[in-house]
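Asks: below are the sequence and a predicted model for it; my questions follow.
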Amino acid sequence: MLAHGLDWTRMGAPGIAGSLEAEVDGVFLCADEFEAGFFVQMNNTGGPVDVWAVTGVDESQLISAASGFSYYPAPIRRARSS
């Protein structure tokens, strides 16, 4: 991720919920620490979970998934995340 930022098309391992493919064509973003905590707790891979801060995304650019969580429909370059 350090080289490419957040990009679901480069998913080389199971997702946080164990899925082998991305659930959406985009990057899920959390509105607050509560949502981030939910995703961290959902981890069933047994490995560590990174939580990144993202800047420069306007809420109007987010899409609501069937799950009720929002995602950004494009990769997020490293320069916009940390």
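Replies: Here it is on my side, so go on. Numbers count the residues shown, from 1 in each chain.

Asks: where are the low-confidence patches of this protein?
Replies: 1-2, 13-17, 79-82 (pLDDT under 70).

Asks: so which strand or helix has the residue sitting furthest away from the middle of it?
Replies: What lies farthest from the middle of the chain is residue 46; by C-alpha atoms, centre = their mean that is 17.6 Å. Using DSSP states H and E, residue 46 sits within no helix or strand.

Asks: wait, a helix at residue 74?
Replies: No - counting by DSSP: H, G, I helix; E, B strand; the rest coil, residue 74 is located in no helix; its state is coil.

Asks: and the strands in the protein?
Replies: 27-29, 63-64, 70-72 (DSSP state E).

Asks: redo those as CSV? Include mean neighbour count.
Replies: For every residue, glycine as well, the C-beta is placed using N, CA and C. As requested, the strands of the chain are exported to CSV (neighbours: other C-beta atoms under 10 Å):
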stretch, mean neighbour count
strand 27-29, 20
strand 63-64, 10
strand 70-72, 19
